[in-house]
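J.: take this sequence and fold it.
(one chain, ligands or ions: 2)
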Amino acid sequence: MDILPYILAIESSCDDTSAAVLQGKRVCSNIVASQDVHVKYGGVVPELASRAHQQNIVPVVDHALKVANIKPEQLSAIAFTNGPGLMGSLMVGTSFAKSMSLALDIPLIAVHHMHAHILAHLIEGAHEEALVFPFICLTVSGGHTQLVKVSGPKEMEVLGETIDDAVGEAFDKAAKILGLPYPGGPHIDRLAKEGDSNALAFARPNLPNYDFSFSGLKTSFLYTLQAKVSQDETYVQNRLADICASYQKALIDALMLKVKKAVKDTGIQRVAIAGGVSANSELRNTLKRWGQEKGISIFVPPFEYTTDNAAMIGIAGYFNYLAGERTPLSTGAKAKIKF
Ligand code: KG4
Ligand code: ZN
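T.: Numbering: from 1, shown residues only. Ligands and ions are numbered 1, 2, ... in the order given. Reported below is the predicted structural model:
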């Protein structure tokens, strides 16, 4: 009987340093070191992120191997994120992966970060009911907003994406205006629970295709608040929950509009969400309610596979490995990379 390969996976595209060991589609370990250093700046500072990756990478990889109880000699390949992401951050994981593959004389496998967010759904045990192809995936995070038709592990078509800010960024920027800590998405989520989502109206984006736009909504948010505060200085303080609920609703409506359009146009009855914003409780509830109403299966991954993590790089690396993909040592990190 063939033993499924052990793959070490490394993710360092933004502000999380992560390493995982997978055997086939099974996660043996998934270690994530987040970087608190950015909190006081209200956003990710690229130079600080790459320095923190350099400090974290060795202990994180070591920890992942220990938790999986695997010796480096047992590994069959090393998968790593080569893009898209912050250049300095990507370079740390890329150089580390290359050195380790050279030292162990095992294949190197480059992984596209956005493919990995989607393929995280195929990790063994990620869902009670296995997700089968084809499905529509909405990937929503601080750096990405994409709607993808997924027909197989290597067959994906981007239907639409944001033409300006990512939806997570729209959450975080509004939270900053409200004086909430970074990242603001979870704070808006929490505060919105007590608020009236119809209290305020914001200009809704209106693109004809599957693309998204959030910069206009953010500007509408700022102008609406400025007008309210000019009449009543205590407005934000007194109506914080209503403001959060209304703004969150506007963001979710914009996402749902395109998800519904994709399902209607393609006839695909399975929808998955990925990325940090998929932790948003109202987005999850809205999707689930709609799914129940329309008989559409909704797949929400476990939280640890939703935000940036190396297990998702491992599963994508495994599919690349099965497809015979091997990455030459001359391959570098790429901040921008074709989907
Ligand atoms: O995937 P992720 O951890 O990192 C990348 O950006 O790649 O996503 C982080 C984003 C942040 O913008 C954060 O505010 C948002 O996900 N986020 C949320 C929630 N939890 C995290 N946004 C809304 N509601 C949440 N509960
Ligand atoms: Zn990501």
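J.: let me see the contact set for the spatially most central residue of the chain.
T.: Computing the C-alpha centroid of the chain and ranking residues by CA atoms, centre = their mean puts residue 275 first, at 2.5 Å. Listed by CB atoms under 8 Å, 6 or more residues apart in numbering, the contact set of residue 275 reads 117, 139, 140, 141, 144, 168, 306, 307. In short, each C-beta sits where N, CA and C put it, glycine included.
J.: and these, which of them are in strands?
T.: The strands in this structure, assigned by DSSP state E, contain 139, 140 from the contacts of residue 275.
J.: near ligand 2 too, which of the contacts of residue 275?
T.: Near ligand 2, taking CB under 5 Å from the ion as the test, the members of the contacts of residue 275 found are residue 141.
J.: among the contacts of residue 275, which one has the most neighbours?
T.: Counting neighbours by other CB atoms under 10 Å, residue 117 leads those with 31 neighbours.
J.: can you pull the contacts of the closest residue to that residue other than its chain neighbours?
T.: The shortest distance from residue 117 to any residue other than its chain neighbours is 4.3 Å, reached at residue 274 (CB to CB, 6 or more residues apart in numbering). The contact partners of residue 274, by CB under 8 Å, 6+ apart, come to 117, 118, 120, 121, 137, 138, 139, 140, 141, 301, 306.
J.: so which of those also contact ligand 1?
T.: Checked against ligand 1 using CB under 6 Å from any ligand atom, the contacts of residue 274 give the following subset in range: residue 141.
J.: of all the contacts of residue 274, which comes closest to ligand 1?
T.: Each of the contacts of residue 274 was scored against ligand 1 by CB to the nearest ligand atom, and residue 141 proved nearest at 3.3 Å.
J.: I figured that closest one hits residue 312, correct?
T.: No - with contacts defined as CB atoms under 8 Å, residue 141 does not count as touching residue 312, sitting 11.7 Å away.
J.: between those two, which contacts overlap?
T.: residue 117.
J.: ok, residue 139 - contacts?
T.: Residues near residue 139 by CB under 8 Å, 6+ apart: 114, 117, 118, 145, 146, 147, 148, 273, 274, 275.
J.: okay, and the beta partners of it?
T.: Residue 139 forms beta bridges with residue 146, residue 274, as assigned by DSSP bridges.
J.: give me the helices and strands touching the lengthiest helix in the chain, please.
T.: With DSSP state H setting the assignment, residue counts place helix 240-266 as the longest helix in the chain. Using 3 or more CB pairs under 8 Å, 6 or more residues apart in numbering; DSSP states H and E as the contact test, the elements touching helix 240-266 are strand 135-140, strand 145-152, strand 155-161, helix 167-177, helix 185-192, helix 215-231, helix 281-294.
J.: buried stuff in the longest one?
T.: Along helix 215-231, the positions that meet the burial threshold by neighbour count (16 or more other CB atoms under 10 Å) are 217, 218, 220, 221, 224, 225.
J.: what's the closest of the residues you listed to ligand 2?
T.: Lowest distance from ligand 2 to the buried residues of helix 215-231 (CB to the ion) belongs to residue 218, with 20.3 Å.
J.: how is the protein divided into domains?
T.: Following automatic domain parsing, one finds the domains of the chain at 6-120+306-322, 132-300.
J.: out of those domains, which is the most enclosed?
T.: Ranked by mean neighbour count, the domains of the chain are led by domain 6-120+306-322 with a mean of 22 (mean count of other CB atoms under 10 Å).
J.: model confidence score at the residue nearest to residue 134 when sequence neighbours are not counted, please.
T.: Beyond its immediate neighbours in the sequence, the residue positioned closest to residue 134 (CB to CB, 6+ apart) is residue 151, lying 4.5 Å away. Each residue has a pLDDT score; the one for residue 151 is 98.
J.: same check on residue 114?
T.: Per-residue confidence (pLDDT) for residue 114: 95.
J.: what's the helix or strand hosting it in contact with?
T.: Taking DSSP states H and E as the definition, residue 114 sits inside helix 113-119. Where contact means CB under 8 Å, 6+ apart, the residues beyond helix 113-119 that reach it are 11, 13, 81, 83-85, 137, 139, 141, 144, 146, 148, 150, 153, 156, 272, 274-275, 308, 312-313, 315-316, 319, 339.
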